[in-house]
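Novice: structure, please.
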Amino acid sequence: MKNFKLVAVFFCTFLLFNCSNSDDSGDPIVPQRTYDDVRQDFSEIEFNTGNNDIALLNHFNFMWNFRVIMPDVDFTNNNRPLIVTLHGGVLISNPNAHKNTDCYAEPGFALLDPIIISPNADQLAWFHSYNVEQVLSLVDLAIEFLPVDPDKVVINGYSDGGNGSWYLGESRPNVFSAAIPMASTYASYNQNGTPRVMPIPMYVVHGENDELFPLEDIENWIMETNGAGSDITLDVAPGLTHNEPCEYVSYLENASDWLLNHVWN
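Specialist: Predicted coordinates for the structure are as follows:
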């Protein structure tokens, strides 16, 4: 699946040079953009099998850069699961960070033949309101315009992305049917100090020798929240450390089985 495609949706061609409308200072006037404009632009994108790299102007007049991986299947009466996978290293300036997820997400979830969306965090945490809006909007757009089963939408992520998948799984249970955090850290407590219940099932993958987020920390948190009523499975990867995401494919294959037999059965 190596069909690369770059789609860029721009407004007012060569804005800084060719726009005729300007304010009294002579600066170009940026037209007000709406979410309906974003919907229209997304609806006009031609998605091919494999990797589709998209730059979409959002309703804040900023670019959302993201990759959509389309499976090689017949979509006739065959809506697919949607996996949203969040990259790590969000504070590092890397315009291609969202493309690095396919070394584990594409082969790891291959059993499901899903549609996979991987957005770029643009140097902001995944729980930042800008990225929450980005993720939820891309899910909304995919459900409306792509052959997606809205009952099989999953949030997944690695490192910072794993932390984001915990947060979005907890805070948006109406959107996601399950969460699959990898190499992550999380702890969410009520004001009285008791652990909060995670409202959707989660499959947590963690390296035995993770030097950034020690295994013991996530084990303790999962024990506490499961004790409060959460449904969380921990899959420990023997010998693996934090900075080798591409080595976690077999654990996402386990998570795919879990989705089929535990969450969606």
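Novice: okay, now the sheet partners of the host helix or strand of Asn52, with direction.
Specialist: Per DSSP states H and E: Asn52 is located in strand 50-57. With DSSP bridges as the test, strand 50-57 is paired with strand 6-9 (parallel), strand 63-70 (antiparallel).
Novice: what's the next secondary structure element after the longest one?
Specialist: Beyond strand 63-70 on the C-terminal side, the first helix or strand identified by DSSP H and E is strand 80-86.
Novice: return the distance of that following strand from the chain's centre.
Specialist: Distance of strand 80-86 from the chain centroid (Cα atoms, centre = their mean, to the nearest Å) equals 7 Å.
Novice: try stretch 204-222
Specialist: 21 Å.
Novice: what's next to it, contact-wise?
Specialist: Defining contact as Cβ atoms under 8 Å, 6 or more residues apart in numbering, one finds that stretch 204-222 is touched by 159, 180-187, 195, 230, 232-244, 248, 251-252, 254-255. In this view, the C-beta of every residue, glycine as well, is placed from N, C-alpha and C.
Novice: and stretch 243-260, by the same measure?
Specialist: Residues contacting stretch 243-260 (Cβ under 8 Å, 6+ apart): 81, 88, 100-101, 103-105, 107-112, 152, 154, 156, 158-159, 178, 180, 182-183, 203, 205, 207, 212, 233, 235, 237, 240.
Novice: any of the residues you listed buried? List them.
Specialist: Listed as buried from the contacts of stretch 243-260 are 81, 88, 100-101, 104-105, 108-109, 112, 152, 154, 156, 158-159, 178, 180, 182-183, 203, 205, 207, 233, 235, 237, 240; burial here means 16 or more other Cβ atoms under 10 Å.
Novice: let me know the pLDDT of the residue nearest to Leu136 when sequence neighbours are not counted.
Specialist: Distances taken as Cβ to Cβ, 6 or more residues apart in numbering put Val175 closest to Leu136, at 6.5 Å, once the chain neighbours are dropped. pLDDT recorded at Val175 is 98.
Novice: wasn't Val175 part of a helix?
Specialist: No. Counting by DSSP: H, G, I helix; E, B strand; the rest coil, Val175 is not found in a helix; it is coil.
Novice: that one touches Val139, doesn't it?
Specialist: Yes. If you go by Cβ atoms under 8 Å, Val175 and Val139 touch, sitting 5.9 Å apart.
Novice: more neighbours, the two?
Specialist: Set Val175 next to Val139 and count neighbours by other Cβ atoms under 10 Å: Val139 wins out with 21 against 18.
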